[in-house]
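> predicted coordinates and the sequence they were generated for:
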Amino acid sequence: MAGEGVVFSPTEDQLRRLQEVSTILEEAPAEVILRWAIDTFFPKLTMATAFGPEGCVILSILARLEPRVHVFNLDTGYQFKETLELRDRIARKYGIEVELARPDLSVEEYERQNGGPVYKTNPDRCCYERKVLVLKRKVVGYRAWISGIRRDQSPHRANAPIVGWDKKFGLVKINPLARWTKNEVWKRILAEDIPYNPLHDQGYPSIGCWPCTRPVLFGEDERAGRWSGTGKTECGLHLADDQPPPPPPTTYGNL
């Protein structure tokens, strides 16, 4: 299905309807939000997951509601082995095979072409080329995508609607856990024995690529371990504006 069809462009009436639906679903449980998304968009509904706690909770719900929803992971080539092992555990428990969506160039080819690791000199460009562009390609032909972001994770996410139009990727974006807190996520994980990344037990509340992720210190924000020391807090997938990476050279220091 991915790669087929044309990019959907909503009318003004449809945009207003999305706002109305988001308001209606604001206080709804995640199961109700996902049921609406499935009834409205499946089979042209997809989900991107990095296998964070929120994503694992959503996968556990999809397994009950509609396990055929297409789910993919943006495999940059720099993921922790624990993340990839979690993918296999999810498949065994829920029967959901998460596709690994990869850039055209392997890590070796990418670093050879650029004279070394791009994440050391220009992490914005690395994220853009190995994540954002891959997502753009994977969602072609779909009408909506599911995200696991929460409003309390960062200032960039504070105003995330339950349902909205994602102009960067040209489809509806559903955030069923937008209102949830970190504690609520973990309460669900522990209550239902949902598989999660063991790195969370080692001081990694937010896990991305291994070169750009560190454990957080006591009192730090849960995303402080991502791109530490660079001033960067987002890979670009959940920023409203489609901003291409700055031209090299842009130095953020060694990660």
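Nice, thanks for sending it over. Numbers count the residues shown, from 1 in each chain.

> C-terminal to the helix or strand hosting Arg89, what's the next element?
Secondary structure assignment for Arg89, by DSSP states H and E: helix 81-94. Next helix or strand after helix 81-94 toward the C-terminus (DSSP H and E): strand 99-101.

> what packs against that following strand?
Here strand 99-101 touches strand 70-74, helix 133-138, going by 3 or more C-beta pairs under 8 Å, 6 or more residues apart in numbering; DSSP states H and E. C-beta: built from backbone N, CA, C; applies to glycine.

> buried sites along it?
Ala101 (16 or more other C-beta atoms under 10 Å).

> next, the buried residues of the helix or strand following it.
Proceeding N to C from strand 99-101, the next assigned helix or strand is helix 107-113, under DSSP H and E. Across helix 107-113, burial judged by 16+ other C-beta under 10 Å covers 110-111.

> low-confidence bits of the protein, can you list those?
Residues of the chain that meet the criterion pLDDT under 70 lie in 1-8, 223, 229-255.

> and the strands in it?
Per DSSP state E, the chain carries strands over the ranges 45-48, 70-74, 99-101, 144-146, 163-166, 171-174.

> okay if I get those strands as a markdown table plus distance to Ile194?
Listed next are those as a markdown table, based on distance: least, C-beta to C-beta, whole Å:
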| stretch | distance to Ile194 |
| --- | --- |
| strand 45-48 | 15 |
| strand 70-74 | 15 |
| strand 99-101 | 20 |
| strand 144-146 | 16 |
| strand 163-166 | 24 |
| strand 171-174 | 20 |
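
> on that earlier part again, closest to Thr181 out of the helices and strands packed on strand 99-101?
Closest to Thr181 of the helices and strands packed on strand 99-101, according to C-beta to C-beta: strand 70-74, at 23.8 Å.

> so what strands line up beside that closest one?
Using DSSP bridges, the strands paired with strand 70-74 are strand 45-48 (parallel), strand 99-101 (parallel).

> to Leu135, which of those lies closest?
strand 45-48 (6.0 Å).

> related to what we said a few turns ago, out of the helices and strands packed on strand 99-101, deepest packed?
Counting by mean count of other C-beta atoms under 10 Å, strand 70-74 has the highest mean neighbour count of those, with a mean of 21.

> dump the C-alpha coordinates for that one into CSV.
This file holds the C-alpha atoms of strand 70-74, laid out as CSV (Å, rounded to 0.1, in the frame of the first residue of the first chain):
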residue,chain,number,x,y,z
HIS,A,70,0.8,-1.2,9.4
VAL,A,71,3.6,-0.2,11.9
PHE,A,72,7.2,0.7,11.0
ASN,A,73,10.3,1.7,12.8
LEU,A,74,12.8,4.2,11.4
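
> give me the contacts around it.
Here strand 70-74 makes contact (C-beta atoms under 8 Å, 6 or more residues apart in numbering) with 1-2, 43, 45-51, 59, 62, 87, 96, 98-101, 130-131, 134-135, 138, 142, 237.

> returning to what we had before: tell me which residues of the helix holding Arg89 come out buried.
Buried, per 16+ other C-beta under 10 Å, within helix 81-94: 82-83, 86-87, 90, 94.

> same for it, what does it pack against?
Looks like helix 81-94 contacts helix 53-65 (3+ C-beta pairs under 8 Å, 6+ apart).
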